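Colleague: sequence plus the predicted model coming up.
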Amino acid sequence: MEQGIALSPSGAHSQHDTRYVDEFSITELVNRQIAATAPQRLADIVTALTRHLHDFAREVRLSENELMAAIQFLTQVGQTCNDKRQEFILLSDVLGLSMLVTAQNNRKPQGCTESTVFGPFHVENSPEHAMGDDIANGAPGEPCFVRGVVRGLGGEPVANARIEVWQADEDGFYDVQYDGMDQARARATLRTGPDGAYRFRSILASSYPIPHDGPVGKLLAALGRHPWRPAHLHFLIKAEGYETLITHVFRNGDHYLDSDAVFGVRQSLIADWVRHPAGPGPDGRLLTAPFYTLDFDFALNPLPGDPCTART
């Protein structure tokens, strides 16, 4: 018998011998150790991840240099994250992972407003505004009046729904991307009225590039992909008795609707921004320059056990 080698009674290496693995048997070994000690759900996730990672490495015959390049890339992604930027969310977005997870976790009955990606620029506790307020707060862009109704799937108005809305300005930046910006711009929290209606004034949505001066941007460039997103407004809507809705409304006719860098566009979420000449606005005030209006209604999915569920 070779020195230092433990053999089974038959003279062959035991299948549990961790010292004698190859590029194929290592996957089973790793997953056997994980499954033996980890909590069940964590074990399910990590063993599946390990299996797919190992299969990927074998399929493409990953080299040591390529593995090190991947490690360096992920290190740079982490180093780019800060309190105003989440590069890992961008990476998940541009690989379509964010939208995949959103889609599989937000299946809804027909007639409900579809969900889409959250994005990295949401801010907790955005300032509360009254119905009809101008939430732009100085953000550059052409005036735009937004209005609609929040209903349940059965058509019932949803009163006192909490609506968070946020968007980029005409220069392609969210307020949190500006150094020294200490006030919210083109971002607000509103409440629907007794009839489920909401309305506010903001600025025209414009297409913009996701941050591409970091490692994710370099990846897009290496892949020959652009970093642009079509013009949109973000909405997060919460109401008692209904599922929370995270979605966008996209501007019809935008050049990037069919090549959104984060794959978030859904046909049902595309709407018309209507241009109007200078004159009285929807709020009765006289505007000296052209302005836009957007009308969009939302349909929320009732929570299980809610009386409206029967309509689904």
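Modeller: All right, it came through fine. What you see is a predicted model, and the numbers here were worked out from it, not measured in a lab.
Colleague: and residue 60, how many neighbours?
Modeller: A count of nearby residues for residue 60, using other Cβ atoms under 10 Å, gives 9. Yep, even glycine has a C-beta here, placed from its N, CA and C like the rest.
Colleague: how much space between residue 233 and residue 261?
Modeller: Separation of residue 233 from residue 261 (Cβ to Cβ, to the nearest Å) stands at 17 Å.
Colleague: who has more neighbours, the two?
Modeller: Neighbour count, other Cβ under 10 Å: between residue 233 and residue 261, residue 233 has more, with 23 against 20.
Colleague: and stretch 241-250, which residues are buried?
Modeller: 242, 243, 245, 246, 247, 248, 249, 250 (16 or more other Cβ atoms under 10 Å).
Colleague: phi and psi next, for residue 280.
Modeller: phi -60, psi 130 (degrees, to the nearest 10).
Colleague: quick check: it touching residue 145?
Modeller: No: the pair residue 280 / residue 145 is not scored as a contact, 11.4 Å apart, by Cβ atoms under 8 Å.
Colleague: more neighbours: which of these two?
Modeller: Between residue 280 and residue 145, counting by other Cβ under 10 Å, residue 145 is the more crowded of the two (21 against 10).
Colleague: after the helix or strand harbouring that one comes which helix or strand?
Modeller: In the assignment (DSSP states H and E), residue 145 maps to strand 143-152. Per DSSP H and E, the first helix or strand lying C-terminal to strand 143-152 is strand 162-166.
Colleague: tell me the buried residues in the next helix or strand after that next one?
Modeller: Per DSSP H and E, the first helix or strand lying C-terminal to strand 162-166 is strand 187-191. Going by neighbour count (16+ other Cβ under 10 Å), the buried part of strand 187-191 is 187, 188, 189, 190.
Colleague: swap in stretch 25-44?
Modeller: Across stretch 25-44, burial judged by 16+ other Cβ under 10 Å covers 27, 30, 31, 34.
Colleague: how close does the last one get to residue 48?
Modeller: For residue 34, the distance to residue 48 under the criterion Cβ to Cβ works out to 10 Å.
Colleague: ok, now the second one?
Modeller: Remark: distance between residue 30 and residue 48 (Cβ to Cβ) = 12 Å.
Colleague: just to be sure, residue 220 is in a helix?
Modeller: Yes: Residue 220 sits within a helix when classified using DSSP: H, G, I helix; E, B strand; the rest coil.
Colleague: that one against residue 95, yeah?
Modeller: No: distance between residue 220 and residue 95: 10.4 Å, which falls outside the contact criterion (Cβ under 8 Å).
Colleague: next one: phi and psi at the nearest residue to residue 24 once chain neighbours are set aside?
Modeller: In space, and not counting its chain neighbours, residue 24 is closest to residue 58: 7.6 Å by Cβ to Cβ, 6 or more residues apart in numbering. Main-chain torsions, residue 58, degrees, to the nearest 10: phi -70, psi -40.
Colleague: confidence score at residue 58?
Modeller: Residue 58 carries a pLDDT value of 98.
Colleague: then residue 1?
Modeller: pLDDT, residue 1: 35.
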